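Engineer: Provided below for reference: sequence and predicted model.
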Amino acid sequence: MFDFLKPIPEKGSPPKEHAMDGTACHDKRSLRRLLSKVVSFKDLHLTVQHESSNGSLSSLPEIYRSSLPATSSMDAAESSSGPQQPGIQRVIIAQKRLAIILVGLPGRGKTFLCNKIKCYLNWLGHPTGHFNVGQYRRKIKEGAELQDAEFFDHHNPAGRAARERAFQLALADMLDYLETDTGQVAILDATNSTQERRNKVIDTLLGRVQFIFIENICNDPDILRQNYFNKMLYSPDYKGVPTEQAVKDFMLRIQKYEEVYEPITDRNMHYIKLTDMVTGRGHIDINRISGYLSGKLVFYLLQVCKSGMTNARKIWLTRHGESVYNQKALIGGDSPLSVNGRAYADVLPEVIMSRLPKNSDGMPVPVSVWTSTLQRTIQTAASLPFAKLRWKALDEIDAGICDGMTYAEIAEKYPNEFEARKKDKLRYRYPRGESYLDMIARLEPVISEMEREGESIVIVGHQAVLRVIFGYLMAQPQSDIPAISIPLHTVIELTPRPDGTMGVEYIPVPIHLSDAANHSMGDVPNTPCAEAAAAGCTFVQQDVVPADLISQQQASSNSSATTEDAAVVIGDAGLSSKGLSSSRDASVSSGSSIRDMTRMASCSSSSTIAQLVGARIPSSIETAPAGPTVGSSGVQATWVVS
């Protein structure tokens, strides 16, 4: 498959002797290591090297070198070593390396952006390291040295020397990381507040790796006040310091930085400048940005900055209730809920209602519910009194020819496939189906929309899908995603933190599970993993909820409807054999559509999509060919947003 990467003997050269030398063997080993990793070919850089019989290397073969000026450094080097002898050409394959350098005053959200970028790129398969200069500064602190505001005064020679030493250590470690086999992207998290400091970074990186600067500017007093408060809570610099004293010192530190701060103005630099983006009234300045990773970063930052850092929100992940296939230990399919699963669906609304966050005015934040287009998630979410969106992208992993089988049946009928999956679940693709890597690509639009939202979201999904989403939110290595435990009848509550990380609580709901569903389903036990407990995740026991409380909530939101709530469907569900069109949940009465569209308008994403659907209703509504009429008009409609 990769024959073009093999050494190419030139005429007159002894290919066998050269092909088997130590250098060629080393290159083959390096290539095998590279290809064993998850690599996007958009990130690969191909060059041609020529090796002559005397062992010298040049970057181009003779046919190309003949067109170079006679005074070029390459020709000069070759003339000093004598005439070139026949040799071989080798295509050298290497992964592109990228350094991201943050710029901005303290308290502007640089560490938040670093953690979000690191989550995203690692999730996509680009190993990313985070190098925070502040951590280096604290490590080299000598004894009881006080690093208060005066330490950051540019007139303080001792403070400047210590900060320069921390900067150089972080920069050196970042370069070491990028020169390893594992590192592809590195983030330098520091103020980098002067052009002099930024020029030092450029001089160090130029010609070695690609690099871009990201400058974050915020002038909104309300957001800055919230950021400063979060800094007091989480910064190691102010651990154990009274709040009033910490705020006073931090404000003085910012003044020291403002005295010397120089925004990026040099148009020769590669940079992304975010100005008041979290307010919704700002703008982004993109200068000399090109390439695959840099382009993806621009789009991602637009989504992250839309939701902001200070919004109160939560994200709840839950698998559908136990299904008929779960009871039989079958994978895939579109089976309905079992009796146990329906009991979980009845209890789920109160679990969510009891944990709704509130905004600064003391009001519950808007909530939307996302499900797949498969009936077991739709049925599980049916009683939740919030706007609903159905994503085709949230459908369970496609098991291909193994759909509807147990793992034992797969091992018996397709032993080679069973063993291949066991060896490498991340890359393994079911015949005519999908792999976990395919799912990561499929779920990227869902992740973008999740980051763009400022509201709380309930995702009722499937095991493999929720593993991928949880892996992103918790910054799990891509290789660990297939082994993440997502138990049945458990709500996983994730709370965004100001630094871009997530707090996690597991909320088991005491609903009985059948023996088959309560076991491993072939790979991961149906319990929260030990790693989650070791990472500090909280486990909260949820009591069984009175049914009358749930009934009151349902009655207040849907007093007259006799079918399921209206839901917008995102994706080509209507053309899928597993799609929504065959389910009664696809139909809603036109008499209740105005009420449901109004409810959708309570949250931003639902509002946007509802407006789109509303504009397309004349061409999207299909009269049901058969079946009982609902409401006064007798018209049933399916809304699909492709």
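Structural biologist: Perfect, thanks for sending it.
Engineer: Tell me which stretches of the stretch 401-550 of the chain form strands.
Structural biologist: 456-461, 490-496, 502-508, 538-539 (DSSP state E, counting those that start in this stretch).
Engineer: ranking these by burial, who's on top?
Structural biologist: Ranked by mean neighbour count, the strands of the stretch 401-550 of the chain are led by strand 456-461 with a mean of 25 (mean count of other CB atoms under 10 Å). Any C-beta I mention is one placed from the backbone N, CA and C, and that applies to glycine too.
Engineer: Need the strands of the stretch 401-550 of the chain in CSV (columns: mean pLDDT and distance to Ala483).
Structural biologist: Shown next, in CSV, are the strands of the stretch 401-550 of the chain (pLDDT from 0 to 100; distance: least, CB to CB, whole Å):
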stretch, mean pLDDT, distance to Ala483
strand 456-461, 97, 17
strand 490-496, 96, 16
strand 502-508, 96, 16
strand 538-539, 54, 19
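Engineer: out of the ones you listed, nearest to Asn122?
Structural biologist: With CB to CB as the measure, strand 502-508 is the member of those nearest Asn122 (14.0 Å).
Engineer: residue contacts, Arg342?
Structural biologist: When contacts are counted by CB atoms under 8 Å, 6 or more residues apart in numbering, Arg342 touches 321, 379.
Engineer: and it, how far is that from Pro236?
Structural biologist: Per CB to CB, to the nearest Å, Arg342 is found 49 Å from Pro236.
Engineer: Also Lys118?
Structural biologist: Taking CB to CB, one finds Lys118 at 19 Å from Pro236.
Engineer: What of Asn287?
Structural biologist: The value you get for Asn287 to Pro236, if CB to CB is used, is 34 Å.
Engineer: try Leu348
Structural biologist: In terms of CB to CB, Leu348 sits 39 Å off from Pro236.
Engineer: sorry, back to before: neighbour count: Asn287 and Pro236, which is higher?
Structural biologist: Asn287 (15 against 9; other CB atoms under 10 Å).
Engineer: List the residues that contact the closest residue to that one other than its chain neighbours.
Structural biologist: Excluding the flanking residues, the one nearest Asn287 by CB to CB, 6 or more residues apart in numbering is Tyr271, at 5.2 Å. Taking CB under 8 Å, 6+ apart as the criterion, Tyr271 is in contact with 103, 212-215, 264, 285, 287-289.
Engineer: Next: Gly295.
Structural biologist: Contacts of Gly295 by CB under 8 Å, 6+ apart are Ile289.
Engineer: quick one: strands adjacent to the helix or strand hosting Phe131?
Structural biologist: Element membership of Phe131, judged by DSSP states H and E, is strand 128-132. Here strand 128-132 has these sheet partners by DSSP bridges: strand 185-189 (parallel).
Engineer: And the following helix or strand past the strand it pairs with, what does it pack against?
Structural biologist: Using DSSP H and E, the next helix or strand after strand 185-189 towards the C-terminus is helix 195-205. Contacts defined by 3 or more CB pairs under 8 Å, 6 or more residues apart in numbering; DSSP states H and E place helix 195-205 against strand 98-103, helix 157-178, strand 210-217.
Engineer: Check these for me and report the most buried one.
Structural biologist: Using mean count of other CB under 10 Å, strand 98-103 ranks as the most buried of the helices and strands packed on helix 195-205, with a mean of 25.
Engineer: relative to strand 185-189, how tilted is that strand?
Structural biologist: Here the directions of strand 98-103 and strand 185-189 differ by 10 degrees (axes from the mean of the first three to the mean of the last three CA atoms, to 10 degrees).
Engineer: so what's Leu337 up against?
Structural biologist: Counting by CB under 8 Å, 6+ apart, Leu337 has contacts 320-324, 344-345, 376, 379-380.
Engineer: So what pairs up with it in the strands?
Structural biologist: Ser323.
Engineer: Ok, Leu389 next?
Structural biologist: Beta-bridge partners of Leu389, as defined by DSSP bridges: Trp370, Val568.
Engineer: which sections of this protein are below the confidence cut-off?
Structural biologist: Applying pLDDT under 70 to the chain flags residues 1-95, 143-145, 307-311, 516-566, 572-642.
Engineer: got the end-to-end distance for stretch 473-480?
Structural biologist: 13 Å (CA to CA, to the nearest Å).
Engineer: buried stuff in it?
Structural biologist: Residues 473-476, 478-479 are the ones in stretch 473-480 that count as buried (16 or more other CB atoms under 10 Å).
Engineer: what's the answer for stretch 183-200, then?
Structural biologist: For stretch 183-200, using 16+ other CB under 10 Å, the buried residues are 183-193, 197-198, 200.
Engineer: Of these, which pair is most distant in space?
Structural biologist: Most distant of the buried residues of stretch 183-200, by CB to CB, are Gln184 and Ser193, 27.4 Å apart.
Engineer: Pretty sure Arg253 sits against Pro106.
Structural biologist: Yes: counting by CB atoms under 8 Å, Arg253 does reach Pro106; the two are 6.3 Å apart.
Engineer: Quick check: Gly109 vs Tyr234, distance?
Structural biologist: Counting by CB to CB, the gap from Gly109 to Tyr234 is 13 Å.
Engineer: Ignore what I typed, I meant Gln375.
Structural biologist: Counting by CB to CB, the separation of Gln375 from Tyr234 is 43 Å.
Engineer: And these two? Which one has more around it.
Structural biologist: Higher neighbour count among Gln375 and Tyr234: Gln375, with 22 against 14, using other CB under 10 Å.
Engineer: And what about Leu348, helix, strand or coil?
Structural biologist: helix (DSSP: H, G, I helix; E, B strand; the rest coil).
Engineer: swap in Asp398?
Structural biologist: Looking at Asp398 with three-state DSSP, the answer is coil.
Engineer: Now do the contacts for it.
Structural biologist: 332, 430, 432-434.
Engineer: now, which of these sits nearest Phe151?
Structural biologist: Nearest member of the contacts of Asp398 to Phe151, counting by CB to CB, is Glu434, at 53.6 Å.
Engineer: From Tyr428, how far off is the closest one?
Structural biologist: 10 Å.
Engineer: who touches both of the two?
Structural biologist: In contact with both Glu434 and Tyr428: no residue, using CB under 8 Å, 6+ apart.
Engineer: Regarding Asp285, what is its secondary structure?
Structural biologist: Once three-state DSSP is applied, Asp285 turns out strand.
Engineer: Tell me, how many residues neighbour it?
Structural biologist: Number of residues near Asp285 (other CB under 10 Å) recorded here: 12.
Engineer: List the single closest residue to it in space, sequence neighbours excluded.
Structural biologist: Closest to Asp285 by CB to CB, 6+ apart is Lys273, at 4.0 Å.
Engineer: so that neighbour touches Ile284, yeah?
Structural biologist: Yes: using CB under 8 Å, Lys273 makes contact with Ile284 at a distance of 6.9 Å.
Engineer: neighbour count winner among those two?
Structural biologist: More neighbours surround Lys273 than the other of Lys273 and Ile284, with 20 against 13 (other CB under 10 Å).
Engineer: The more buried one pairs with what?
Structural biologist: Applying DSSP bridges, one finds that Lys273 bridges with Glu215, Asp285.
Engineer: thought Ile214 was touching Leu274?
Structural biologist: Yes: assessed by CB under 8 Å, Ile214 is found in contact with Leu274 at 7.2 Å.
Engineer: Mutual contacts of those two, please.
Structural biologist: In terms of CB under 8 Å, 6+ apart, Ile214 and Leu274 are both contacted by the residues Leu301.
Engineer: With Leu169 as the reference, name the closest of the strands of the stretch 401-550 of the chain.
Structural biologist: Across the strands of the stretch 401-550 of the chain, closest to Leu169 is strand 502-508 (CB to CB), at 28.9 Å.
Engineer: what packs against that closest one?
Structural biologist: Packing partners of strand 502-508 (3+ CB pairs under 8 Å, 6+ apart): strand 490-496, strand 538-539.
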